[in-house]
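[1] sequence-free structure coming up:
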């Protein structure tokens, strides 16, 4: 039996400047980072546009960049 239950995913705020800096310093395009992380390039683009990220996606990106996922979180205002 299938259930039609809406599911909400928690999105976390990402420090976009840090993500872009790390990506560029390691020589990755958005597309290449996405390929290495196993996510869509649209996901990386949306995150870099300030769209927030699913924690699982953030972990995949952080793993490729060699950092902790928490290093990519936006700090308190």
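    Received the coordinates, thanks. Fair warning: this is a prediction, and the values are worked out from it, not measured in the lab. Residues are numbered from 1 along each chain as shown.
[2] which residue ranges of this structure form helices?
    16-25, 30-37, 41-48, 55-65 (DSSP state H).
[3] compare these and give me the one nearest residue 74.
    helix 16-25 (8.0 Å; C-beta to C-beta). Bear in mind the C-beta positions are built from the backbone N, C-alpha and C, glycine included.
[4] other SSEs contacting that closest one?
    Judged by 3 or more C-beta pairs under 8 Å, 6 or more residues apart in numbering; DSSP states H and E, helix 16-25 is in contact with helix 41-48, helix 55-65.
[5] how about it: buried residues?
    Within helix 16-25, the residues scored as buried using 16 or more other C-beta atoms under 10 Å are 16, 18, 19, 22, 23.
[6] now do the closest residue to residue 11 other than its chain neighbours, the pLDDT please.
    Leaving aside its sequence neighbours, residue 11 sits nearest to residue 52 (C-beta to C-beta, 6 or more residues apart in numbering; 3.7 Å). pLDDT for residue 52: 89.
[7] show me the contacts for residue 34.
    40, 41, 43, 44 (C-beta atoms under 8 Å, 6 or more residues apart in numbering).
[8] so residue 23 touches residue 64, yeah?
    No: Residue 23 is beyond contact range of residue 64, at 9.1 Å (criterion: C-beta atoms under 8 Å).
[9] overlap in contacts, these two.
    residue 33.
[10] chain center to stretch 56-68: distance?
    7 Å (C-alpha atoms, centre = their mean, to the nearest Å).
[11] mind listing what's buried in that stretch?
    Buried positions in stretch 56-68, judged by neighbour count with 16+ other C-beta under 10 Å: 57, 58, 59, 60, 61, 62, 64, 65.
[12] which residues sit against that stretch?
    With C-beta under 8 Å, 6+ apart, stretch 56-68 has contacts from 12, 14, 19, 22-23, 26, 28, 33, 36-39, 43-44, 47, 53, 69, 71-73.
[13] before we move on, back to that, of the contacts of residue 34, just the buried ones, ChimeraX syntax please.
    Of the contacts of residue 34, the buried ones go into a single ChimeraX selection, burial set by 16+ other C-beta under 10 Å:
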select :43,44
